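**Student:** Sequence plus predicted model, see below.
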Amino acid sequence: MKIIVLVLAALAIFPLAALAAPGDGSFDAALEGPFTDLMPSAQQKAQKQQPSAAKGPTAPDDAWKKTLEAVKRDGKYKAGLLGLTPDIFSIKDVVGDAKAAHTTQEIQVFGMLNDDGKFEPMGVSIMTRTYTLDSKDGNWHIEWWGVQTDIYGEAGEAGHGTIVESPAGKTVSTAPEKIAVTDPRIKMQFDAMLKYWSERP
């Protein structure tokens, strides 16, 4: 089971189209309120499992609370597949003109339904993609950054890479970068992601 969870967690963030498309249903209807208690207290944080040696950045409590509130308010629900893939609440925003240079911001809270039919969150994945249309080859050149956290906002995995995509959406090439969650660039990107989601109107 642990292996399945790790695989699913990796799929939630890496690499290209792994972020689930929004589905039907609202956050509140599916959760019936459990996310009101998602923001952990300092005591709860202290009782977490021992952190790994390679510790990634951690979201400030206030920004993290506002980020989760944005998902609660606007996230769309998609059920997992026969209990083998996670249930997901997600938002995808396009910032700028989608036909020109633009950015997409995506966030997921992923988890599983428990025996009582309540959603139990496992973690959060956040991704930013920057799209530039190359005038020479006519393709989209996309740089992406992804961060996966536990439900407390502590980053455990991160990714970065580039993609070349045709105007029709076909992948021409990919170039993922092996990057540690402790890389200073990850903190910079994570801070920018948190700023976007915590200040989202």
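**Tutor:** Sure thing, it's come through. Not measured: the values here are computed from a predicted model.
**Student:** Provide a list of residues in contact with residue 126.
**Tutor:** Residue 126 makes contact with 106, 107, 108, 146, 147, 148, 149, 190, 193, 197, according to Cβ atoms under 8 Å, 6 or more residues apart in numbering. Bear in mind the C-beta positions are built from the backbone N, C-alpha and C, glycine included.
**Student:** strands paired with the helix or strand it falls within, and their directions?
**Tutor:** Following DSSP states H and E, one finds residue 126 within strand 119-133. Applying DSSP bridges to the sheet, strand 119-133 is found paired with strand 102-113 (antiparallel), strand 140-149 (antiparallel).
**Student:** for this structure, what spans make up the strands?
**Tutor:** Taking DSSP state E as the criterion, the chain contains strands spanning 76-78, 87-95, 102-113, 119-133, 140-149, 155-165, 171-177.
**Student:** CSV please, covering the ones you listed and showing mean pLDDT and distance to residue 62.
**Tutor:** CSV is the format used below for the strands of the chain (pLDDT from 0 to 100; distance: least, Cβ to Cβ, whole Å):
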stretch, mean pLDDT, distance to residue 62
strand 76-78, 92, 25
strand 87-95, 96, 19
strand 102-113, 94, 17
strand 119-133, 94, 16
strand 140-149, 98, 16
strand 155-165, 97, 17
strand 171-177, 97, 31
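**Student:** For residue 57, which of those strands is the nearest?
**Tutor:** Taking Cβ to Cβ, strand 155-165 is the member of the strands of the chain nearest to residue 57, at 5.2 Å.
**Student:** For that closest one, which outside residues touch it?
**Tutor:** By Cβ under 8 Å, 6+ apart, the list of residues contacting strand 155-165 reads 9-10, 13-16, 52, 56-58, 123, 137, 139-150, 171-177, 179-181, 183, 185-186, 189-190.
**Student:** please redo it, this time with the cut-off set to 6 Å
**Tutor:** Contact with strand 155-165 is made by 14, 56-57, 139-149, 171-177, 179, 181, 186, as judged by Cβ atoms under 6 Å, 6 or more residues apart in numbering.
**Student:** Quickly run through the sheet partners of it, with directions.
**Tutor:** Next to strand 155-165 in the sheet, as set by DSSP bridges, lie strand 140-149 (antiparallel), strand 171-177 (antiparallel).
**Student:** Give the buried residues for that strand.
**Tutor:** The neighbour-count check on strand 155-165 (16 or more other Cβ atoms under 10 Å) flags 155, 156, 157, 158, 159, 160, 161, 163, 164, 165 as buried.
**Student:** now swap in stretch 190-200 and tell me
**Tutor:** 190, 193, 194, 196, 197, 198, 200.
**Student:** Find me the pLDDT at the last one, would you?
**Tutor:** For residue 200, the model assigns a pLDDT of 95.
**Student:** Equivalent analysis for the third one, please.
**Tutor:** At residue 194, the pLDDT value in this model is 98.
**Student:** ok, for it, nearest residue in space, not its chain neighbours?
**Tutor:** Distance criterion Cβ to Cβ, 6 or more residues apart in numbering; nearest residue to residue 194, sequence neighbours excluded, is residue 63 at 4.6 Å.
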